[in-house]
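> Starting from these lines, generate the structure:
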Amino acid sequence: MRPLGGSERRERGGHSSPRRAPVILVRLLLFLALAAIAVAAVMFLFSKDRRYLRFIWQVVKFTVVILAVVFVFFAFERIVRPTL
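Below is the predicted model:
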């Protein structure tokens, strides 16, 4: 038996594209946060300006808060969806 392709998988109730959209957004958020942290870290290493460390801390706090909200929403969706 051969593995199912993308369209065949969707037809048989497998992974669908709209369900993966929020996961892609979470990955994009994490990538952008890590990129901002990396750039700020390099800037700190070259300039020794502590404002870049404060910026890194703000990005970390913001990312953790946003991810917590998203994960709470995912959990709420999984709890409520079976009752609808």
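> Spell out for me which residue occupies the centre of the chain.
Centroid-nearest residue in the chain: residue 26, 1.8 Å away (criterion: Cα atoms, centre = their mean).
> so that one, which of the three states?
With DSSP: H, G, I helix; E, B strand; the rest coil as the basis, the three-state label of residue 26 is helix.
> Counting neighbours, which bits of stretch 56-68 end up buried?
By neighbour count on 16 or more other Cβ atoms under 10 Å, the buried set for stretch 56-68 is 56, 59, 63. Where you see a C-beta, it was placed from the backbone N, CA and C, and this is true even at glycine.
> If you could redo that for stretch 46-58, that was the one I meant.
52, 55, 56.
> repeat for stretch 72-80
Within stretch 72-80, no residue qualifies as buried by neighbour count (16+ other Cβ under 10 Å).
> What helices and strands are in contact with the helix or strand harbouring residue 64?
Assigned by DSSP states H and E, residue 64 falls within helix 51-80. Judged by 3 or more Cβ pairs under 8 Å, 6 or more residues apart in numbering; DSSP states H and E, the packing partners of helix 51-80 are helix 17-47.
> packing partners for the helix it packs on?
helix 51-80.
> Nearest residue to the residue nearest to the centre of the chain in space, please, no chain neighbours.
Once flanking residues are discounted, residue 26 sits nearest to residue 70: 5.9 Å by Cβ to Cβ, 6 or more residues apart in numbering.
> How many residues are close by the one you found?
If you count neighbours by other Cβ atoms under 10 Å, residue 70 ends up with 15.
> Check the contact between it and residue 23; I expect there is one.
No: look at residue 70 against residue 23 with Cβ atoms under 8 Å: they stay out of range, at 9.8 Å.
> related to what we said a few turns ago, the helix holding residue 64: how far from the chain's middle?
With Cα atoms, centre = their mean, to the nearest Å as the basis, helix 51-80 stands 9 Å off its chain's centre.
> That one to helix 17-47, inter-axis angle?
With axes from the mean of the first three to the mean of the last three Cα atoms, to 10 degrees applied, the angle from helix 51-80 to helix 17-47 works out at 160 degrees.
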